Each structure stands twice: as structure tokens, then as C-alpha cells.
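>>> quick one: sequence and predicted model below, then my questions.
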Amino acid sequence: MAALLTPLALLGRNTLAALAAIGRVALFLWSTLSHILRPPFYLKELWHAVLNVGYFSLPVVGLTAIFTGGALALQIYSGGSRFNAEAVVPQIVAIGMVRELGPVLVGLMIAARVTSSVAAEIATMKVTEQIDALVTLSTHPMKYLTVPRVLAALVTVPALVAVGDVIGVMGGFIVATERLGFNAAAYLQNTWNFLEALDIVSSLVKGAVFGFIAALMGCYYGMNSGRGAQGVGRATKSSVVAAAVLILAANFLLTQAFFSI
């Protein structure tokens, strides 16, 4: 009997632990949202967060997008040649980059670069008792650390997604015109005619949601990190994994919401 109950007990413990983790994240989310519209506002921290999340992420976003767009054009041309459908390269590159690859890749790059940075920074502040010092100075840690980073990601990541979409489409354009023999004017015209307003709106909405998730996970794991260097490392690793998984899950849900038939 004990041998039969042991797996069930393990399953129950894991289920309760998962539910408790979801509850902690939900409470942290509620606390963040409740502080966003209430003063005081730390505009200097917000500006630094905008630079960190947005401006300093432009190089990695641009490089990722242009190589992805170029590779996508090559793949579509290679696959389309089997069915004499090489002409669809502009349309598929545009819809693939704008609807899916642009926002998802930017979200994952932000998770890799920004989420890890935020988690490590806040976790280090916790280990060195700087967060306790903020409380002593009557400064709410959520207002000073979490809210500026979440707001910055919410505003700047859609802009990064827009830039990534454009650069990705241009990457496909360069490969198609220089390597695959497409006419430049016809390529751009096909791209412009094929994209719809809903494609662009969905891309920007995904960017905002992905940025919110990335910043929230970085702040959550930083605030709840363990003590010592090992705790900082574990918080950084867990924040990136959680952000990446939630971004992919949110992408599926948003795609279904925008484009389900």
C-alpha cells in the first residue's frame, strides 16, 4: 500500500507546489499593477530602464531579424521551387516575420538579455541588503525597482518589434534581390499589398505582452531570490526559463485570438 501511495503523494506535492508558485506570481502581478498608477513616480529610473530595455537592445534585435529574414527567404524559395511556387517568397517572408518570427524572436532576445539582467541586478540588491535600505528610506521596492522596468518594457518592446519586423523583411528583400533574382520594385509591392492592418496590430500587441512578461519575470525572481551567489544564479536562470516559456505560451494564445477561424 505504501508503494502505491508514494507516487500519488509525490504528484500531490508537485501539484500543490505548482499552484503555490502560480499564486505567488499572481499576487506579485497584482501588486505591480496596483502600483503603476499611484504616485510617487520615479522618472529617472524609468528613463534608465527605457534605455536598457529599448535602446541598448537594438543591435541584437537588428542582427537577429536581418539574418532570420534572409534565412526565411532562402528556405521559402527552396521549398517553393518543389511546387513551382517561388513567387510567394515576398508574401510569406512578410507574414512570417510580422505575425510570428518578429515578435517571438524579439521577445526571446529580450528574455535573454533584459530578464536575466533585471533578475541578477535585483537579486544582488537583495543579497547585499540594498532593498532593505530602500525600505528604511521609506521607498517602496515595487515602486522603485519593478514598476519602472515593467513600464519601460511595456512601451519599448513593441517599438523593438516594429523595428525587427522592418529589418527582417529587408533581410528577406536583400537575399531575394541579390541572390534569388527577384525584381526589387515587384518584391516591395507584393510585400506591401499582402500585409494587412491586423497583422501589424497583432505584432505590436504581442510585443507589449512579451515585454511585460519578460520584465515581470525578471523582477519577480530577483525579488524572491535566495541568499548568496548561488541564489542570484538560480534566480537569473529561472527568470529566463520562465519568461521564455510564458512568451511562447502567450504567443500561441494571442495567435489563436487574432487569427482563429
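Happy to help now that I have it. Residues are numbered from 1 along each chain as shown.
>>> contacts for stretch 158-174 next, please.
54, 57-58, 61-62, 64-70, 72-73, 89-90, 93-94, 97-98, 101-103, 105-107, 110, 184, 187-188, 191, 200, 203-208, 210-211 (CB atoms under 8 Å, 6 or more residues apart in numbering). No exception for glycine: its C-beta is placed from N, CA and C like everyone else's.
>>> low pLDDT regions in the stretch 1-150 of the chain?
In the predicted model of the stretch 1-150 of the chain, residues 1-5 satisfy pLDDT under 70.
>>> ranges for the helices of it?
Using DSSP state H, counting those that start in this stretch, the helices found in the stretch 1-150 of the chain span residues 2-36, 43-53, 58-80, 89-95, 102-110, 116-127, 130-136, 141, 147-178.
>>> mind listing what's buried along the first one?
Looking back up the chat, that one is helix 2-36. Residues of helix 2-36 classed as buried by neighbour count (16 or more other CB atoms under 10 Å): 25, 28, 32, 35.
>>> OK, contacts around the last one?
It refers to His35. 140, 142-143, 146-147.
>>> now swap in Val150 and tell me
Neighbour list for Val150: 32, 36, 212, 215-216, 219 [criterion: CB under 8 Å, 6+ apart].
>>> right, and Pro40 touches Lys143 too?
Yes. With contact defined as CB atoms under 8 Å, Pro40 reaches Lys143; the gap is 6.6 Å.
>>> between those two, point out the one with more neighbours.
Lys143 (19 against 9; other CB atoms under 10 Å).
>>> ok, for that one, nearest residue in space, not its chain neighbours?
His35 (5.4 Å; CB to CB, 6 or more residues apart in numbering).
>>> circling back to that earlier point, redo the helices of the stretch 1-150 of the chain as TSV? Include distance to Phe259.
Converted to TSV, these look like this (distance: least, CB to CB, whole Å):
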stretch	distance to Phe259
helix 2-36	26
helix 43-53	28
helix 58-80	19
helix 89-95	10
helix 102-110	13
helix 116-127	31
helix 130-136	42
helix 141	40
helix 147-178	16
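>>> Arg227 is nearest to which of the ones you listed?
Each of those has some distance to Arg227 by CB to CB; the shortest is helix 116-127, at 6.0 Å.
>>> can you name the residues in contact with that closest one?
Outside helix 116-127, the residues touching it (CB under 8 Å, 6+ apart) are 52, 131, 145, 149, 215, 217-219, 221-223, 225, 227-229, 231-232, 235-236, 238-240.
>>> just to check, Val25 is in contact with Tyr220?
Yes. Using CB under 8 Å, Val25 makes contact with Tyr220 at a distance of 6.2 Å.
>>> circling back to that earlier point, quick one: which of the buried residues of helix 2-36 is nearest Tyr77?
Looking across these and measuring by CB to CB, the closest to Tyr77 is Val25, at 43.3 Å.
>>> from Glu100, how far off is that closest one?
Val25 sits 26 Å away from Glu100, going by CB to CB, to the nearest Å.
>>> residue nearest the middle of this protein, spatially speaking?
The structure's the chain has its C-alpha centroid closest to Gly107; by CA atoms, centre = their mean the separation is 2.5 Å.
>>> so it versus Leu134, what's the distance?
Taken as CB to CB, the span from Gly107 to Leu134 is 30 Å.
>>> please apply the same query to Phe173.
49 Å.
>>> higher neighbour count, the two?
Between Phe173 and Leu134, counted using other CB under 10 Å, Phe173 has the larger neighbour count: 22 against 16.
>>> understood, closing this out.
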